[in-house]
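*Asks:* Quick check, what structure comes out for this input:
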Amino acid sequence: MSETKKLNIHEDWVVVILGALTIILTLSGLLLPVPVFNWSSIADLTSSVLTASNLGYIGLQFILVIIIAALGSFLTGKSVKSAVLTFPSVYVLTMIALVLAGNSQVKALNLEAVIFSLAIGLAISNFFKLPEWFKSALSTELFVKIGLVLLGTSVIFSDVLKAGSLGLIQALVVVLSVWYFAFWLCKKMKIDDELTMMISSAVSICGVSAAIATSGAIKGDSKKLSYVISMVLITAIPMMIFMPYIAAYFHFPQAVTGAWLGGSIDTTGAVVASGSLVGEEALKISTIVKFSQNVLLGIAAFAISVYWTYTQHPAGKDKESKPTLKVIWERFPKFVIGFIAASLLFSFFITPEVNAEVKGSLKNLQGLWFVLAFTSIGLETNFADLFGKNSKKPFYAFLIAQGFNIIITLIIAFILFR
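*Replies:* Have a look, this model is predicted:
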C-alpha cells in the first residue's frame, strides 16, 4: 500500500494563499461580527463580554481561524490532526489575553493583548512541561505572516513607497554596519565560524528568518541554530515591551519610534507588537522598515553563501553547494509580496465605501492572528533553552551587538524620519 504524498508548499507562499483567501471571503460578504472585549467591572464583564451573543461571535471567529490554520498545516505538509488538536488551547488562551487586555484600567496603562498572550504562554511553557508534539504543532510564523498580509489592507501604497524608500536606506546602513560589528565582535571573542555567521545575520537583518536563512546557506548545525533562535526570541521580549516606553518617556516622534523599532527588534511579530503599543503611524512605519530589512534577506543569504563557499573554510569546499542567483529568490520572504499586493488592492482597486464596510472585520482578524502568534511564541519558548548552555560567550556577543544595533538604528531613524 503506497503512502499518500503530502503537499509541502513553502510557508511564505501558503501565507499569501491564506491571506488572499481571507480577503476574498471578506470582500465576498463574509463579514464576521467583531467580538466585544471592553469592560471596566465584573458586572460589565458579564453583561457585555460574557453574553451568549458575544460568545457566539467568538465561536464563529474560532471556526474560521481553525479552518485557516488547518489548511495552512495541510498546505505546508504538517500534521493537520496535531494542528486541530493544538489550536483550541491556543485560541482559548488568546481569548483570555484579549479579555484581560480589554479591561479599562489595563487600557489606561497602554498594555496590549500581545503582552498578555505572551506572558500566559511563557508562564505555561516555563512552569509545565509541554509535550513535543504540541510544541511542534504550533504555527507561530504562519500566524504572524497571515496577520502581516492582512495588515497590508490598511496600509496605503503611497505610504509604503514613501516610508519604504527611507526604510531601505536605513536597512542598508543598519544591516551593513551592525552585521560587520557583530562579525568582528564574535571573531574577537573567538566564537566559532557557524555561530558567528548566524549571530551576525540574526542581529542585523531580521532575527529568526535571517538565522534560518544563514544556517541554510552555510549548512549549519541545527543545535547552534536553535541556540541563536532562543537568544533572538528571549532578547526580543524585553525590547518589545520596554522600547516603546523609552520612546514615550523621551517624546520621540511616532515615525522615528516606528523606524527605531522596525530596524532594531529582531522578529517581525515583536516589531508589530511594539509598534501597536505606540500607535497607528508607528505600527505602519515599523512594519514597512522591517519589510525593507526582510527584502535584503535574499541578497544577504546569497552573499553569505558566496563567502562561505569561496573561503578556505572546509565546509565551503563542497562543489555541489556552489551558490547561484536562484538563492536570492529562494531566500526572498514571499509574504512581503502578499503584503504589497493587499496594499495595492486596497489603495487603487477597492472603493472607499467597500473599504469602510470591510476594514473592521479585516482589522479584527489581523489583530487576532498577531495575538495567536504571541500565545504560540510564549508556549514554545523556554528560558532554560538559553541559559542551560555551557558557553555564555555567544550570548554575551549577541547582547553587545544588539546594544550597538539599538544605538545605531536610533541615530539613523532620527536622521531619516524626524
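*Asks:* In space, what's closest to residue 414 - neighbours in sequence excluded?
*Replies:* Spatial nearest neighbour of residue 414, chain neighbours left out: residue 256 (5.7 Å); criterion: C-beta to C-beta, 6 or more residues apart in numbering. Yep, even glycine has a C-beta here, placed from its N, CA and C like the rest.
*Asks:* what's the neighbour count on the one you found?
*Replies:* When counting by other C-beta atoms under 10 Å, one arrives at 19 neighbours for residue 256.
*Asks:* Likewise for residue 75?
*Replies:* For residue 75, the count of nearby residues is 21 (other C-beta under 10 Å).
*Asks:* residues in contact with it?
*Replies:* Applying C-beta atoms under 8 Å, 6 or more residues apart in numbering, one finds that residue 75 lies in contact with 7, 9, 14, 17-18.
*Asks:* so which of these comes closest to residue 230?
*Replies:* Among the contacts of residue 75, residue 14 lies closest to residue 230 (C-beta to C-beta), at 25.1 Å.
*Asks:* Skipping adjacent residues, who's closest to the closest one in space?
*Replies:* Leaving aside its chain neighbours, residue 14 sits nearest to residue 75 (4.5 Å; criterion: C-beta to C-beta, 6+ apart).
*Asks:* Residue 175 now?
*Replies:* Leaving aside its sequence neighbours, residue 175 sits nearest to residue 204 (C-beta to C-beta, 6+ apart; 4.9 Å).
*Asks:* Is it correct that that neighbour is in contact with residue 179?
*Replies:* Yes: with contact defined as C-beta atoms under 8 Å, residue 204 counts as touching residue 179 (3.9 Å).
*Asks:* Go ahead and name everything in contact with stretch 55-74.
*Replies:* Applying C-beta under 8 Å, 6+ apart, the contact partners of stretch 55-74 are 7, 14-15, 18, 21-22, 32-36, 79-80, 82-84, 87-88, 91, 95, 137, 139, 142-143, 146, 364-365, 368-369, 372.
*Asks:* Inside helices: which ones of the residues you listed?
*Replies:* Among the contacts of stretch 55-74, the ones falling in helices (DSSP state H) are 14-15, 18, 21-22, 80, 82-84, 87-88, 91, 95, 137, 142-143, 146, 364-365, 368-369, 372.
*Asks:* Buried subset of those, written for PyMOL?
*Replies:* Here is the PyMOL selection string for the buried members of these, based on 16 or more other C-beta atoms under 10 Å:
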select buried, resi 14+15+18+22+80+83+87+91+95+137+142+143+146+364+365+368+369+372
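*Asks:* can you count the residues close to residue 32?
*Replies:* By other C-beta under 10 Å, the burial measure for residue 32, its neighbour count, is 17.
*Asks:* again with residue 264
*Replies:* Residue 264, neighbours per other C-beta under 10 Å, totals 30.
*Asks:* Which secondary structure element of the protein has the lowest mean pLDDT?
*Replies:* Of all helical and strand segments in the chain, the minimum by mean pLDDT, DSSP states H and E falls on helix 383-387, at a mean of 61.
*Asks:* Work out for me the element the residue nearest to residue 414 sits within.
*Replies:* helix 254-264 (DSSP states H and E).
*Asks:* list the helices and strands whichever helix or strand comes after that helix packs on?
*Replies:* The C-terminal neighbour of helix 254-264 among helices and strands, as given by DSSP H and E, is helix 268-278. Helix 268-278 sits against helix 113-127, helix 140-151, helix 222-249, helix 254-264, helix 280-310, helix 352-380, with contacts defined as 3 or more C-beta pairs under 8 Å, 6 or more residues apart in numbering; DSSP states H and E.
*Asks:* Out of those helices, flag the one nearest residue 273.
*Replies:* In terms of C-beta to C-beta, the element of these nearest to residue 273 is helix 113-127, at 4.1 Å.
*Asks:* ok, for residue 405, nearest residue in space, not its chain neighbours?
*Replies:* The shortest distance from residue 405 to any non-neighbouring residue, by C-beta to C-beta, 6+ apart, is to residue 178 (4.7 Å).
*Asks:* gap between residue 137 and residue 92?
*Replies:* Remark: distance between residue 137 and residue 92 (C-beta to C-beta, to the nearest Å) = 15 Å.
*Asks:* on that earlier part again, now render the contacts of residue 75 as TSV, adding pLDDT and distance to residue 358.
*Replies:* Output for those, formatted as TSV (pLDDT from 0 to 100; distance: C-beta to C-beta, whole Å):
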residue	pLDDT	distance to residue 358
7	68	30
9	82	27
14	92	23
17	94	19
18	95	17
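*Asks:* Make JSON lines from these and add distance to residue 274 to it.
*Replies:* Formatted as JSON lines, these follow (distance: C-beta to C-beta, whole Å):
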{"residue": "7", "distance to residue 274": "35"}
{"residue": "9", "distance to residue 274": "30"}
{"residue": "14", "distance to residue 274": "26"}
{"residue": "17", "distance to residue 274": "28"}
{"residue": "18", "distance to residue 274": "25"}
